[in-house]
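Asker: coords please:
(one chain, ligands or ions: 2)
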Amino acid sequence: RRDVLVAHHLSKAYPVRRGLFSRGVVQALNDVSLSVAAGSTLGVVGESGCGKSTLARQLTLIETPSAGELFIEGQRLDASLDRHARAALRRRVQMVFQNPLASLNPRKTVEQILAEPLAINTTLDGAARRARVAAMLEQVGLRPEHAQRYPHMFSGGQRQRVAIARAMILEPALIVADEPVSALDVSIQAQVLNLFRDLQQRFGTSYVFITHNLDVVSYLADRVMVMYLGRVVESGDTATLFARPRHPYTQVLMAATPSLSRSRRDAEATHAPLPGEPPSPLEPPPGCPFHRRCAWAVPRCVSEVPPLREVDGRTVACHRAEETVRLG
Ligand code: SF4
Ligand code: MG
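Answerer: Numbering: from 1, shown residues only. Ligands and ions are numbered 1, 2, ... in the order given. Reported below is the predicted structural model:
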């Protein structure tokens, strides 16, 4: 299948103030490469501060990476693109945020919110736009009369459906969803995940699904990328990673997800907490970024950054990746 999104060696540094007179940079994203095949889902997981949202802002062209290359449907994003070409590419990638209330204009009706991208980007007249909006509302499980309501009049789950409808209305190639269900009631989360899955089947849309929730990833993602402190530490197809995680960080993330542990009948790991806090991106540790929390760490881990390499059918950045599969 063709790739709708390819990123090579993306990095993003932000300037920060370190004290009264000194400035530095925080490396929020460090040499991240990925690709997303048409109609597939890439799950991006990690704790808060791992660079997931920074990645989302680069992939949706909200920000410009400090280094690296981005291709959308084979077209390279670069400074030589004129405004029109850039806008055309930007339309192909839409975003769904965690909090739909913050991302939907409270003074506009749902019809106005959904019709706006059509007015800007298509030649459809008013009647055709309204028809398209009504059809899209149906696709996301809302009713035609919802078009005249304002965002605050909906439940959280319905509002996220509106946000998804807005992201889908121009039939983008890719949606980047940043924690799109984590603000919803648990009882609603599965419905919204099912909606994402149904829309993908109907429209062939690709997703980058950013979440701290591994259950969500195991449910939706074809491939998984695990991030830690701005870097990719492990990536591969979902079944492989969940069956045999090789990076010690992926292993503790999975052990800390009770339902996954249960499904893997891994009783001993069910209550394993994630040891310690992630280090501050302001003071990244030398060597392997995970070494201070890693049960497998050896002296080499403190001095040498482990490169990403192929081990056992996935890509992993750990000096000891050959040894880390748990016995039993
Ligand atoms: Fe642990 Fe060393 Fe592997 Fe890093 S490189 S995850 S510290 S064993
Ligand atoms: Mg975030």
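Asker: Can you show me the strands along the protein?
Answerer: 3-17, 23-37, 41-45, 67-72, 75-76, 93-96, 174-178, 206-211, 223-228, 231-237, 309-311, 314-316 (DSSP state E).
Asker: ok, residue 113 - contacts?
Answerer: 104, 105, 151, 162, 166 (C-beta atoms under 8 Å, 6 or more residues apart in numbering). Using the backbone N, CA and C atoms, a C-beta is placed for each residue, glycine as well.
Asker: what number of residues lie near the last one?
Answerer: Same thing as residue 166. Counted with other C-beta atoms under 10 Å, the burial measure for residue 166 works out to 24 neighbours.
Asker: Then the fourth one?
Answerer: Burial of residue 162, expressed as a neighbour count using other C-beta under 10 Å, amounts to 24.
Asker: excluding its backbone neighbours, what's nearest it?
Answerer: On the basis of C-beta to C-beta, 6 or more residues apart in numbering, the spatially nearest residue to residue 162 that is not a chain neighbour turns out to be residue 110, at 5.5 Å.
Asker: residues touching that neighbour, list them.
Answerer: Contacts for residue 110 were tallied using C-beta under 8 Å, 6+ apart; they are 133, 137, 142, 146, 147, 148, 149, 150, 151, 162, 165.
Asker: what about the second one, distance to ligand 1?
Answerer: Spelled out, that is residue 137. Computed as C-beta to the nearest ligand atom, to the nearest Å, the residue 137 to ligand 1 distance reads 47 Å.
Asker: Please verify my assumption that that residue contacts residue 148.
Answerer: No: in this structure, residue 137 sits apart from residue 148 without contact. The criterion is C-beta atoms under 8 Å, and the distance is 11.0 Å.
Asker: Between those two, which has more neighbouring residues?
Answerer: Set residue 137 next to residue 148 and count neighbours by other C-beta under 10 Å: residue 137 wins out with 22 against 11.
Asker: so who does that one touch?
Answerer: Contact criterion C-beta under 8 Å, 6+ apart gives 110, 114, 143, 144, 146, 147, 165 as the residues in contact with residue 137.
Asker: Close to ligand 1: what parts of the protein are there?
Answerer: Contact residues (C-beta under 6 Å from any ligand atom) of the chain with ligand 1: 247-248, 288, 290-291, 294, 296-297, 301, 306, 318-320.
Asker: show me the contacts for residue 313.
Answerer: For residue 313, the set of contacting residues under the criterion of C-beta under 8 Å, 6+ apart consists of 236, 237, 240.
Asker: quick check, nearest of those residues to residue 229?
Answerer: When the contacts of residue 313 are compared for distance to residue 229, the smallest value, 19.6 Å, is given by residue 236; criterion: C-beta to C-beta.
Asker: Do you know the pLDDT at that closest one?
Answerer: Model confidence at residue 236, expressed as pLDDT, equals 98.
Asker: What of the one 10 residues further on?
Answerer: Confidence per residue is given as pLDDT, and for residue 246 that number is 96.
Asker: residues touching it, list them.
Answerer: When contacts are counted by C-beta under 8 Å, 6+ apart, residue 246 touches 234, 311, 312, 314, 316, 318, 321, 324, 325.
Asker: isn't residue 222 right next to residue 237, touching?
Answerer: Yes: with contacts counted by C-beta under 8 Å, residue 222 reaches residue 237, the gap being 6.6 Å.
Asker: For ChimeraX, write the selection for the buried entries among the contacts of residue 110.
Answerer: Those of the contacts of residue 110 that meet the burial criterion (16 or more other C-beta atoms under 10 Å) are gathered into one ChimeraX selection, given here:
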select :133,137,142,146,147,151,162,165
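Asker: Turn the contacts of residue 110 into CSV, including pLDDT.
Answerer: Output for these, formatted as CSV (pLDDT from 0 to 100):
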residue, pLDDT
133, 97
137, 98
142, 97
146, 96
147, 97
148, 97
149, 97
150, 97
151, 95
162, 97
165, 98
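Asker: Can you pull out the low-pLDDT segments for the stretch 201-328 of the chain?
Answerer: Within the stretch 201-328 of the chain, the segments meeting pLDDT under 70 span 260-275, 326-328.
Asker: ok, the contacts of residue 313 vs ligand 1, which is closest?
Answerer: For these, the residue nearest ligand 1 by C-beta to the nearest ligand atom is residue 236; the value is 15.9 Å.
Asker: Go ahead and confirm that closest one touches residue 315.
Answerer: Yes: distance between residue 236 and residue 315: 6.2 Å, which falls inside the contact criterion (C-beta under 8 Å).
Asker: Start from the N-terminal end of the stretch 151-300 of the chain and give the helices.
Answerer: Read by DSSP state H, counting those that start in this stretch, the stretch 151-300 of the chain holds these helices, from start to end of the chain: 156-168, 186-203, 214-220, 238-243, 248-255, 258-263, 299-303.
Asker: Columns distance to residue 35 on top of the ones you listed, output as a markdown table?
Answerer: Output for these, formatted as a markdown table (distance: least, C-beta to C-beta, whole Å):
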| stretch | distance to residue 35 |
| --- | --- |
| helix 156-168 | 21 |
| helix 186-203 | 17 |
| helix 214-220 | 17 |
| helix 238-243 | 15 |
| helix 248-255 | 20 |
| helix 258-263 | 26 |
| helix 299-303 | 29 |
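Asker: With that, I have no additional questions.
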